[in-house]
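Engineer: Take this sequence and fold it.
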Amino acid sequence: MDINKISVKLITLLVTPYYSGHYLALIYLDDNLIMIIISDKKEFKLKKIQLIIAILTVITLSGCANLRQQPITPQKLTQIKNRQVSITEGSKPNFLAMSPLDAMFGIWGGVYAMHKGNEIIHNNKIADPALDIASQLNMDMAQKLGTKPVKSVITTPDENVKDIAKRSHSDYVINITTTGWGINYFPFSWDTYRVIYDAHLKLIDTKTAKVIAEGNCKQFPKTKKGQPNYNQMVANHAQKIKQALKKEANACIKLFESHILTI
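Structural biologist: Sure, this is the predicted structure:
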């Protein structure tokens, strides 16, 4: 079978013959199928899709550029000992439940996938893991560094560091943001689904209103072995989604503690 493949950064494009002189183009963003195009003009569509890839690459790289990896310095780690630390709770982000059919409709399919995902979250009372991650980090810092957790949670609609610092009554703030979460299918195995979870950590010095440590965590199963289909994923009050989110949140806690907070 004649398959043309183009890869640009996190974007992969596969073009293959489909039926009666038509071609099927599959666009993957970081291993996730995001768009399907069927065309009777291979070369014209290929050039057009290359433009789409270029645009998506710029967007992707711009997003990644904002997610810094900044481990805490030994000096800052010493200064934080015996200090008060609070946590934040932000607004719950959209949950994406993407199916192969949704991908065929481009941006409108994405909007519908977001609507489906938010219904899954609401109907099954699935909590954003960010608050649990922040709470666990705060407890672990208290145990290992002697910091003093503040019980009250700072509710913030955005991630503005100066605003968080101004509203806090502690010396430091742990800010965890869920930057992406949802369920998606595996490439070339469209009836097998996985849970994807992304989180970002900021440790804020409220006196200076500056971030002294931050990092990103991206978790998702790499192989389809043992992964459920869509119906299994949402069955029993979406139990498999809840279990997967718990597992991936715990993985983020370990990553943040070992690589960013160094505790």
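Engineer: Longest strand in this protein, by number of residues?
Structural biologist: strand 189-205 (DSSP state E).
Engineer: Measure how far the next helix or strand after that strand is from the centre of its chain, please.
Structural biologist: Next along the chain after strand 189-205, taking DSSP states H and E as the criterion, comes strand 210-219. From the chain centre to the centre of strand 210-219 is a distance of 13 Å (CA atoms, centre = their mean, to the nearest Å).
Engineer: now the angle from the longest strand of the chain to strand 210-219?
Structural biologist: Put simply, strand 189-205 runs at 160 degrees to strand 210-219, going by axes from the mean of the first three to the mean of the last three CA atoms, to 10 degrees.
Engineer: show me the contacts for the closest residue to Q84 other than its chain neighbours.
Structural biologist: Residue nearest to Q84 in three dimensions, not counting chain neighbours: S170, with 4.0 Å by CB to CB, 6 or more residues apart in numbering. Just so you know, the C-beta spots here come from the backbone N, C-alpha and C atoms, and that holds for glycine as well. Residues counted as contacts of S170 (CB atoms under 8 Å, 6 or more residues apart in numbering) are 83-86, 150, 206.
Engineer: and if you look at G109?
Structural biologist: Counting by CB under 8 Å, 6+ apart, G109 touches 98, 101-103.
Engineer: Among those, name the least confidently predicted one.
Structural biologist: The lowest pLDDT within those belongs to A103, with 71.
Engineer: Confirm it sits in a helix?
Structural biologist: Yes: assigned with DSSP: H, G, I helix; E, B strand; the rest coil, A103 falls within a helix.
Engineer: re the thing from before, please flag which of the contacts of S170 sit within helices.
Structural biologist: If you go by DSSP state H, the contacts of S170 have nothing in helices.
Engineer: Pull up the distance across stretch 226-234, start to finish.
Structural biologist: 16 Å (CA to CA, to the nearest Å).
Engineer: Most widely separated two among the contacts of G109?
Structural biologist: Using CB to CB, the two most remote members of the contacts of G109 are M98 and L101, lying 9.5 Å apart.
Engineer: And the two? Which one has more around it.
Structural biologist: Per other CB atoms under 10 Å, whichever of M98 and L101 has more neighbours is M98, with 23 against 12.
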